[in-house]
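*Asks:* please find the sequence and the predicted model below.
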Amino acid sequence: MDKYEKVIELAKRRGFLWNSFELYGGAAGFYDYAPLGSTLKRRIEQIWRELYVIHEGFMEIETPTIGIEDVFVASGHVGGFSDPLCECKKCGEAFRADHLVDNIVEVADALSNTELDKIIKDNDIKCPECGGDLGDAYEFNLMFQTAIGPGGGRPGYMRPETAQGMFVNFQRLLKFYRDKLPFGATQIGKSYRNEISPRQGVIRLREFTQAEAEIFIDPRDKTHPNIERFADTSLNLYSQEGQERGTVEQITIGDALKQGIIAHEFLAYHIALTNHFLQRVGISPEHLRFRQHKKDEMAHYAIDCWDAEIETDRFGWIEVVGIADRTDYDLNAHAKTSKTELSAYIEYDEPKMVTSFVVKPNMGKLGPAFKGKAKAVADALKALTQEELEQDEITVVVDGEEFVVSSELVEFAEETVKVSGETVVPHVIEPSFGIDRILYCTMEHAFNEEMVTAQEGKDSKKPEEESRIVFKLQSEVAPVQVAVLPLMTKSELIIPAKDIVSLIRDRGLLVSYDDSGTIGRRYRRNDEIGTPYSITIDYESLDDKSVTIRDRDSMNQVRTPIDGIEDVIYSLVYEGKEFKTAGTPVQ
RNA sequence: GCGGCUGUGGUUUAGUGGUAUGACAUUGGCUUCCCAAGCCAAUUACUCGGGUUCGAAUCCCGGCAGCCGCACCA
């Protein structure tokens, strides 16, 4: 059993992750979040919200998971998120149809399926594997398609990313933020991709959760006001050059900027913030690196793009976050498809005096003179230089036809006007998180199997060493933050134990109660689900109103008064209180 | 999607053409019980469908799922 199997086995057994639709045989690419997994996921999302929504101020929105066709035509997903496949009739192997005709036509990826079929037929292309006949090309789009409304309705798609929901709301968001750049919006939600062959558990799903921020910034100013916060943060950077050399270097954000490894401050800030988030949810820094996209893998519109990658036992380095400067690509694409200007007006600090040469054709006279051609003539006049306009008779060519315009019909002058700002299409910085993958990685990094010396029991059959499975989840993300355990199943201990449960529950902590089995067994049960602290009520508690708190990782115990125990636990979980200060040590 | 391997309680495992072994876990009870102790009892399984057969969990075919390889991976 490798670590992946152990983690998945534990996740299944203890109620973190279950295969979806198991009752009916299951379906690949879908996972259910079981009670503890669902809670763990919420905890991770909540930390993300704290950092991005509350601290950075990128308000969260929620948009439909189904999108209409126009949105994905504009985003390029309808055309570009699919591949033409064609299968061999003999051996069944599937090939990219456009790749098969690559060396016959110049731009194979622009061809329709019928055109591809024709070329394959005309050139007698056979299966590269077995030489068999090839079937017709068909489109395999990674988006799930559906119909909106009855009777076929209009085409709709399950969104393949949450990002488009922010882009299409750009104008509304801009107004919401009172026309000021930069601003950002976030969304945590489900996205859907009809993966051809999902495997690797929760690493590649057909329905998955993304947490995305779209930050709209002034394209001329990519500095970040708080970059100093992370200047000394040291990261494992796997840059384009580093990948060529095969070396990852540890370098501070400040130095990476100075050396021009990261394109600009804004991107650098978000790389560092991503690092901060991942470590806070429990990713170990030595298994975390930031890999820069190589020039040929980067989308053509992106300036710079970095993936946060986490090292896993079975799958090696996997991408969990993408942080990209997407420039004005998305807004331009939606502007073009929707025929709506998507831009922001930026006022200058000081108005500028701008001198320009202005041509004013007199339409009142041009109209009667040139009738239907008047507008084209006027446009041609505007394109002329001062010198050309200074002639008595000006000649312009429209649609190959020459027109002579009297100088009386056009005025021109150099004008100086006050310009107080300009219109820009903002650039977008996009950190995009794959929550499911991050959750898996926190589980894998938290998973520990330690050998502990078995206690001398009354029965010597026990081996001297036994393994203890401990989920060393960060206390902040643990789905159960504290367990309350009466030492024995006796009502005199159960009653005060349940009082402590309500006390802690009222403090807003995730607490479980367990009186089944021996105390040691219950400790181990809680170790396995990652409960950081256990409170035990014993007979002494009845006399001195105190309990023991046991620390999951060290197995040490302290004795603490029941009065105020909820605040002690809260500090341990959320405020980094040191365990040994939580009470007087036992033994 | 193609090829290979695999599929037995919650987990893990033994096994055979005549409905199944064990372990751990779980539940209840007993035991003043602080790191999976012990004792008693209980619950839970042959991935699904079709075929061959008197009889299939076992043999054959197909589906589904898992793993590995290929292809795919905005």
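*Replies:* That came through, no problem. Numbering: from 1, shown residues only, chains lettered A, B, ... in the order given.

*Asks:* in a helix, that's where A:L331 is, yeah?
*Replies:* Yes. Counting by DSSP: H, G, I helix; E, B strand; the rest coil, A:L331 is located in a helix.

*Asks:* and the residue nearest to A:D232 when sequence neighbours are not counted, how many residues sit next to it?
*Replies:* Excluding the flanking residues, the one nearest A:D232 by CB to CB, 6 or more residues apart in numbering is A:T252, at 5.5 Å. Placement of C-beta: from N, CA and C, glycine included. Neighbours of A:T252 under the rule other CB atoms under 10 Å: 16.

*Asks:* how about A:I227?
*Replies:* 17.

*Asks:* mind listing what the nearest residue to it once chain neighbours are set aside touches?
*Replies:* What sits nearest to A:I227 in space, not counting adjacent residues and going by CB to CB, 6+ apart, is A:E265, at 4.7 Å. Neighbouring residues of A:E265 by CB atoms under 8 Å, 6 or more residues apart in numbering: A:K222, A:T223, A:H224, A:I227, A:L257.

*Asks:* equivalent analysis for A:F370, please.
*Replies:* For A:F370, the contact set (CB under 8 Å, 6+ apart) comprises A:V377, A:F403.

*Asks:* C-terminal to the strand or helix carrying it, what's the next element?
*Replies:* Here A:F370, judged by DSSP states H and E, is contained in helix A:363-370. Using DSSP H and E, the next helix or strand after helix A:363-370 towards the C-terminus is helix A:374-382.

*Asks:* re the thing from before, tell me the one among the contacts of A:E265 nearest to RNA strand B.
*Replies:* A:K222 (21.5 Å; CB to the nearest atom of the strand).

*Asks:* a strand runs through that closest one, doesn't it?
*Replies:* No. Counting by three-state DSSP, A:K222 falls outside a strand, being coil.

*Asks:* and A:I44, how many neighbours?
*Replies:* 25.

*Asks:* for A:L389, report the pLDDT, please.
*Replies:* A:L389 is assigned 74 on the pLDDT scale.

*Asks:* what do you get for A:E347?
*Replies:* For A:E347, the model assigns a pLDDT of 81.

*Asks:* ok, the closest residue to RNA strand B within chain A to A:V470 distance?
*Replies:* The nearest approach of chain A to RNA strand B comes at A:G520, 2.4 Å away (CB to the nearest atom of the strand). Taking CB to CB, to the nearest Å as the measure, A:G520 falls 14 Å from A:V470.

*Asks:* which of these two has more residues huddled nearby?
*Replies:* The residue with more neighbours, out of A:G520 and A:V470, is A:V470; 21 against 10, by other CB under 10 Å.

*Asks:* contacts for the biggest strand by length in chain A, please.
*Replies:* The longest strand of chain A (DSSP state E) is strand A:344-361. Outside strand A:344-361, the residues within contact range by CB under 8 Å, 6+ apart are A:174, A:179, A:181, A:216, A:218, A:377-378, A:381-382, A:384, A:386, A:389, A:409-426.

*Asks:* for chain A, give me the ranges with low pLDDT.
*Replies:* By pLDDT under 70, the low-scoring segments of chain A are A:80-85, A:87-96, A:98-113, A:127-132, A:138-139, A:151, A:454-465.
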